[in-house]
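[1] what follows is a predicted structure for the sequence shown.
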Amino acid sequence: MAEIEIKGVAKRFGAFTALHQIDLTITNQEFMVLLGASGCGKTTLLRIIAGLETPSEGEVWIGGRRVDHLPPRQRGIAMVFQNYAVFPHLTVYENIAFGLRMQKKPQSEVDHRVKRTAELMHIEQLLQRYSGQLSGGQRQRVAVARALAMEPDVILMDEPLSNLDALLRLEMRAELKGVLAHSKTTAIYVTHDQVEAMSLADRIAVMHQGRIVQAASPVEVYRNPAARFVGSFIGNPPMNFLPATKSGEERFIVAGSMLKGPKASGDIEFAIRPEDMDIGPGGIPATVRVVEPLGAHTLITTDVEGKIFRVVLDSNAEAKTGDMLSLVPRADRIRWFDPQSTSAIQ
Amino acid sequence: MTVVTNDLPAVPAAVTDARKAGSGLLIACIVVLCVWVLLPIYLLLVNALSSPAEVTSFPKRMIPSFDFGSLSFFLNFQGVGKALWNSVVVALLTMVLSIGIGAPAGYALSRFDFPGKEAFRFLVLMTRAFPLPLLALPLAVLFIRTGLDDTAFGLAIVHTTLSLPFAVLITFSLFSGIPVELEEAAWTLGCNRWQAFRKVVLPLALPGIAASAVFAFTISWNEVFAAAVLTIENRTLTAFLLQSINVSPLYLKFAGGAALVVPALIFIFAVRKYLFAMWGIANR
């Protein structure tokens, strides 16, 4: 049972500000993913929650207790590291038992919990091995088992899957989600992989240059990006952006076609996801540059007023390089951004 | 096809000649260096393992007769036992002091960022730049005033200053090779700093620390100048041999030399991997 509250946390390394005034609440048993490009401060924030880094300002509360002055061992957390950090001089069994031995649990309970978490992570046949005799995926399982065996209030994961190969990552991702949902632990998970974030998270906090740009459910982050950055960072291919010139009350001209927009005092920016357009009359004129059939869909890269504009169409759509398409955006999927503040306009 | 390849010389003749000359030079250098190092050791061992009569006779034998007359004479020589014991005591004290002071310094260098870190590392090396003879007189005066002269502890302090830079640098590279995440993982699993060090870092660093200790032992074991200046009654083996070298027979010198060289050689050979690591040479 643990809710995490981060209040006004800032971190500076000399003249460099890694985190600006972060405020974030993670509810009990929530799976929160911190998503961002490398250097955005997501790992720093995780390490501050873990107690491996001290904040320059602000407070961290876990389960109603202020913890930012406490060492990691007194915070009721467990952590999974990117490079696994499995102790090489101990067997898998002793690795998983390590935290329990530190808590001076009786041998019967240690044994019970080690066996149970090992079974959960499917490593019960590896208990007598050493880290050097394990593959990357197996080490990752040991690291997760070691954290789970502590039965922590909060489990913190720092890019735990990024050192695994693609296929294994997919498998472990699904397994992690199942195991953590079952354990009813609050989880904070750091990643730069948006697919990982979308598939795991109850809520995603998108970070950019030391700030949380948006913290919302995966679908919300995808459909209603709070800022231009979120739209351009999430989604593969990302959102398309075009300048929208004001031409009357709630009217804007986008690439030659008139669209109904929000109330705004000047020119704004039009944005649409590649899959939210259909071919039809009176749409945005686009010159086809590249056609990439992907099986289920066809990705078409076009040119609209000299800007790259991508559209995902049904795979039976006929288009070839040089064709002119007329792309009609679905009205309910159009988003507008303020070009100055880059935030979304409702 | 084969005709064509035969007609084309793979490498011009001049290049082949230069390569041959180059590898010839390399081999010659290796041979010279090996002879330079190994020949004195070989002669030392041959003579130490020959009977006193054989050592003084002519022509010299090139193969040892495995007669232990010289060695047993050396070991029973008046004062050798005590000098040997002193050497061991001083070397052990040096070992304990170097690791006790050097390992924490190495750990701090590898784990913490503090102002003047690079300057400190440089200073550690700089201590080796002071010639010991320059310091010997003031040291001797200081030691006599404080009553440290002619004691094993006093000499061990001087030897520690000689071995400490190596202890610091070896343990520094050792601790740097242990990922900090292992320690952090231990902290999150309920350890404080000291527990994490004892349960995670120390078991992993122990072989290297032992090697560093052996190296400190060897430095003290081999050191002669400070030992000769600072001790009179409680001489170490090196100082003792230096003192008695003029008045003792040839076979005693050879046996004494071997007694000094062999343990040092064995120790250095045993810990070579860690010494190479300190100097950044890839080892296998």
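    All right, it came through fine. Numbering: from 1, shown residues only, chains lettered A, B, ... in the order given.
[2] and residue B:26, how far is that from residue B:102?
    As for residue B:26, its distance to residue B:102 is 37 Å (criterion: CB to CB, to the nearest Å). From N, CA and C alone the C-beta is placed, and that goes for glycine too.
[3] so between the two, which is more surrounded?
    Between residue B:26 and residue B:102, counting by other CB atoms under 10 Å in any protein chain shown, residue B:102 is the more crowded of the two (26 against 10).
[4] need the contact list for residue 225.
    Unless you meant another one, I'm taking chain A. Taking CB atoms under 8 Å, 6 or more residues apart in numbering or on different chains, we find residue A:225 in contact with A:214, A:231, A:234, A:239, A:271, A:335, A:344.
[5] try again with chain B
    Here residue B:225 is in contact with B:132-133, B:136 (CB under 8 Å, 6+ apart).
[6] give me every residue in the stretch 151-284 of chain B lying close to chain A.
    B:179, B:181-182, B:184-192, B:195, B:199-200, B:203-204 (CB under 8 Å from any CB of the partner chain).
[7] cutoff 10 Å now
    With CB under 10 Å from any CB of the partner chain as the criterion, the stretch 151-284 of chain B meets chain A at residues B:178-193, B:195-196, B:199-200, B:202-204, B:206.
[8] show the buried residues in these.
    Neighbour counting with 16 or more other CB atoms under 10 Å in any protein chain shown marks B:178, B:181-191, B:196, B:199-200, B:204 as buried within those.
[9] between the residues you listed, which sits nearest residue A:170?
    residue B:181 (24.7 Å; CB to CB).
[10] can you tell me the element that closest one falls in?
    Using DSSP states H and E, residue B:181 sits in helix B:180-188.
[11] could you point out the helix or strand that follows that helix?
    Helix B:180-188 is succeeded, C-terminally, by helix B:193-196 (DSSP H and E).
[12] next structured bit after that next one?
    Counting by DSSP H and E, what follows helix B:193-196 is helix B:202-222.
[13] next, the angle helix B:180-188 makes with that next one.
    120 degrees (axes from the mean of the first three to the mean of the last three CA atoms, to 10 degrees).
[14] name the helices or strands packed onto helix B:202-222?
    On a contact count with 3 or more CB pairs under 10 Å, 6 or more residues apart in numbering or on different chains; DSSP states H and E, helix B:202-222 meets helix B:80-111, helix B:152-176, helix B:237-244, helix B:250-270, helix B:272-278.
[15] pull out the buried positions in stretch B:117-125.
    Here stretch B:117-125 shows B:121, B:124 as buried, counting by 16+ other CB under 10 Å.
[16] show me what the longest strand along chain A is packed against.
    Secondary structure assigned by DSSP state E gives strand A:277-293 as the longest strand of chain A. If contacts are counted by 3+ CB pairs under 10 Å, 6+ apart, strand A:277-293 sits against strand A:240-246, strand A:257-260, strand A:297-304, strand A:307-314, strand A:324-329.
[17] do that again at 7 Å, thanks
    strand A:257-260, strand A:297-304, strand A:324-329 (3 or more CB pairs under 7 Å, 6 or more residues apart in numbering or on different chains; DSSP states H and E).
[18] what's the neighbour count on the residue in the stretch 101-250 of chain A that chain B sits nearest to?
    In the stretch 101-250 of chain A, the residue that lies nearest chain B is residue A:102 (3.4 Å; CB to the nearest CB). Residue A:102 has 18 neighbours, counted by other CB under 10 Å.
[19] what's the local residue count around residue A:318?
    Residue A:318: 9 neighbours (other CB under 10 Å).
[20] quick one: it from chain B, how far?
    Per CB to the nearest CB, to the nearest Å, residue A:318 is found 52 Å from chain B.
[21] let me see the contact set for residue A:271.
    The contact partners of residue A:271, by CB atoms under 7 Å, 6 or more residues apart in numbering or on different chains, come to A:231, A:239-241, A:335-337.
[22] who wins on neighbours among the residues you listed?
    In those, the most neighbours by other CB under 10 Å go to residue A:231, 27 neighbours.
[23] could I get the pLDDT score of it?
    If you check residue A:231, the pLDDT there is 92.
[24] mind giving me the domain ranges of chain A?
    A:4-232, A:239-345 (automatic domain parsing).
[25] quick check: mean pLDDT of the last one?
    In this case it means domain A:239-345. According to the model, domain A:239-345 has a mean pLDDT of 89.
[26] residue A:280 and residue A:327 touch, don't they?
    No. Residue A:280 is beyond contact range of residue A:327, at 8.1 Å (criterion: CB atoms under 7 Å).
[27] more neighbours: these two, which one.
    Neighbours were counted for residue A:280 and for residue A:327 using other CB under 10 Å; residue A:327 has more, 24 against 10.
[28] state the distance from that one to residue B:105.
    68 Å.
[29] likewise residue A:208?
    From residue A:208 to residue B:105 the distance is 42 Å (CB to CB).
[30] what is the end-to-end distance of stretch A:299-314?
    9 Å (CA to CA, to the nearest Å).
[31] residues in contact with it?
    A:237, A:240, A:242, A:255, A:274-275, A:277, A:284, A:286-292, A:297-298, A:319, A:325, A:327.
[32] coming back round to it: within its sheet, name the partner strands of the longest strand of chain A and how each one runs.
    strand A:297-304 (antiparallel), strand A:324-329 (antiparallel) (DSSP bridges).
[33] show the average pLDDT along the strand or helix carrying residue B:42.
    In this structure, residue B:42 is located in helix B:13-48 according to DSSP H and E. For helix B:13-48, mean pLDDT rounds to 87.
[34] equivalent analysis for stretch A:104-117, please.
    On average, stretch A:104-117 scores 94.
[35] before we move on, back to that, grab the nearest non-local neighbour of the residue of the stretch 101-250 of chain A closest to chain B.
    In space, residue A:102 comes closest to residue B:190 once its chain neighbours are excluded; the distance is 3.4 Å by CB to CB, 6 or more residues apart in numbering or on different chains.
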